[in-house]
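Visitor: following is a predicted model, sequence given first.
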Amino acid sequence: MKKQPLKEIFKKIGGHKLNESTWENRKFGEPLPTMADYKKAHENVTEEKLNEVDYTKVVVPAQVKRWMGKFVEAVKEANLNKVKRIAVLFAVVKALGISQQELTQYVQRIKREV
């Protein structure tokens, strides 16, 4: 195997797109960015990405969509009381293997959309 200089390997993996500092507009004498500054900048980016998703326009595979429709209709036609609806929801969440933390995140995203 031929040895490649580190710069070439770095360019192959997309290193040319990385900047050592994202605070290029910092003026002389201003304090250097802290870890809190980087965390705050990262949080803003992730919040923007989360808000971009429109869950009503997400394409679900046809077979899943068909079975999901049948499932929802069956639950509606059964006229289940609150405890039984929660039991059904519990079974679905458990079958999907969703953790409590993930479920909380999903509920928050759904609340924003509804």
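Guide: Yep, that arrived.
Visitor: where does the prediction get shaky in this protein?
Guide: Within the chain, the ranges that satisfy pLDDT under 70 run 1-4, 6-7, 9-26, 42, 44-53.
Visitor: quick one, helices of it?
Guide: Using DSSP state H, the helices found in the chain span residues 6-12, 35-52, 62-77, 82-96, 100-113.
Visitor: adding distance to Gly29, write those helices out as TSV.
Guide: For the C-beta atoms, the positions are set from N, CA and C on the backbone; glycine is no exception. Shown next, in TSV, are the helices of the chain (distance: least, C-beta to C-beta, whole Å):
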stretch	distance to Gly29
helix 6-12	32
helix 35-52	17
helix 62-77	58
helix 82-96	54
helix 100-113	41
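Visitor: out of these, flag the one nearest Lys27.
Guide: Closest to Lys27 of the helices of the chain is helix 35-52 (C-beta to C-beta; 15.0 Å).
Visitor: returning to what we had before: may I see the helices of the chain arranged in CSV, with mean neighbour count as well?
Guide: CSV is the format used below for the helices of the chain (neighbours: other C-beta atoms under 10 Å):
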stretch, mean neighbour count
helix 6-12, 11
helix 35-52, 10
helix 62-77, 10
helix 82-96, 11
helix 100-113, 11
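Visitor: of all those, which one is nearest Phe28?
Guide: With C-beta to C-beta, the closest approach to Phe28 among those belongs to helix 35-52: 17.7 Å.
Visitor: separation between the residue nearest to Val93 when sequence neighbours are not counted and Phe71?
Guide: Nearest non-adjacent residue to Val93, counting by C-beta to C-beta, 6 or more residues apart in numbering: Leu103, 6.1 Å away. For Leu103, the distance to Phe71 (C-beta to C-beta, to the nearest Å) stands at 18 Å.
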